[in-house]
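[1] When you get a sec, could you give me coordinates for this:
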Amino acid sequence: CLLRTRSRSGLWSTRPPREKKSSAASPLETELAQTIHQLEVNEVSALAGLQFVKAFEVPVNDATSAVVLVVPRKQHKSWLRLHTKVTNEIEKKTGKQAFIIADRKVMKKPASSKIHRPRARTLAAVHESLLQDIVFPDDVAGKRTRVAVNGKRLVKVFLNAKSKQDTEPRLESLRAIYKKFTGKEAVFAFPNFHC
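    Here you go, the predicted model:
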């Protein structure tokens, strides 16, 4: 099978179709797919049309790691409705903390002013959305960026103190996942000011 395509010069050329790069599912992805399927069959029928893009482990420290489930951006709101059930089931099966994030892409800055880049595809917007995804059951109460004299940046993220008991064991995992996806150092804490 060959495709006829138009080249930049306006001429038609015939070339073989590009193969999609698809790799075999990892053992973790297979295990999570089976877990989600069992949950769909037994309890939650709303999982029927939902998919995930990939899943992997992020090392938190020497002894532990966290499971990150990456879902399509368009299905992310549907996944959030079922967040607690799915993450609790994954945590039971794997024995590791589970997080669900959307698959967002950063679009580079266009060379021409005629090309429009959506605000949601900028680096800052993608990192901000990732932060919201990681801390999902909670809310971000505040965020500060501290710049040291040597130019090193540290992001301080203050979480809502209402769910401190649920979130406190996950703080180290939050830091590791944010560092893995953004490359930025972050400290997650609860505000100690009283309003």
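[2] residue ranges of the helices in this structure, please?
    Taking DSSP state H as the criterion, the chain carries its helices at 27-42, 76-81, 83-94, 123-134, 164-167, 171-182.
[3] Just say which of those helices is most tucked in.
    Mean neighbour counts were taken over these using mean count of other Cβ atoms under 10 Å, and the top value, a mean of 19, falls to helix 171-182. All C-beta spots, glycine's among them, are computed from the backbone N, C-alpha and C.
[4] orientation of that helix relative to helix 123-134 in degrees?
    Going by axes from the mean of the first three to the mean of the last three Cα atoms, to 10 degrees, helix 171-182 is angled at 150 degrees with respect to helix 123-134.
[5] Could you list which residues are in contact with the residue positioned nearest the centre of the chain?
    With the centre of the chain defined as its mean C-alpha position, the nearest residue by Cα atoms, centre = their mean is residue 101, 3.0 Å away. With contact set as Cβ atoms under 8 Å, 6 or more residues apart in numbering, residue 101 has these partners: 68-71, 130, 133-134, 181.
[6] Equivalent analysis for residue 107, please.
    For residue 107, the set of contacting residues under the criterion of Cβ under 8 Å, 6+ apart consists of 117-118, 121-122.
[7] Relative to residue 185, which of those is nearest.
    Distance from residue 185 was checked for each of the contacts of residue 107 by Cβ to Cβ. The minimum falls on residue 122, at 20.8 Å.
[8] and the gap between that closest one and residue 105?
    Using Cβ to Cβ, to the nearest Å, residue 122 is found at 11 Å from residue 105.
[9] So for the two, which sits in the more crowded spot?
    Summary of the neighbour comparison: residue 122 and residue 105, criterion other Cβ atoms under 10 Å, with residue 122 having more neighbours (15 against 8).
[10] doesn't residue 106 make contact with the more buried one?
    Yes: contact status for residue 122 versus residue 106: in contact at 7.1 Å, counting by Cβ atoms under 8 Å.
[11] ok so, going back, can you pick the most crowded of the contacts of residue 107?
    Taking other Cβ under 10 Å as the neighbour criterion, residue 122 ranks highest of these with 15 neighbours.
[12] I'd like the distance between it and residue 142.
    Residue 122 sits 21 Å away from residue 142, going by Cβ to Cβ.
[13] thinking again about what came up before, save the helices of the chain as JSON lines, and put in mean pLDDT and distance to residue 61 too.
    Conversion of the helices of the chain to JSON lines gives the following (pLDDT from 0 to 100; distance: least, Cβ to Cβ, whole Å):
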{"stretch": "helix 27-42", "mean pLDDT": "81", "distance to residue 61": "19"}
{"stretch": "helix 76-81", "mean pLDDT": "84", "distance to residue 61": "27"}
{"stretch": "helix 83-94", "mean pLDDT": "86", "distance to residue 61": "17"}
{"stretch": "helix 123-134", "mean pLDDT": "88", "distance to residue 61": "17"}
{"stretch": "helix 164-167", "mean pLDDT": "80", "distance to residue 61": "18"}
{"stretch": "helix 171-182", "mean pLDDT": "89", "distance to residue 61": "7"}
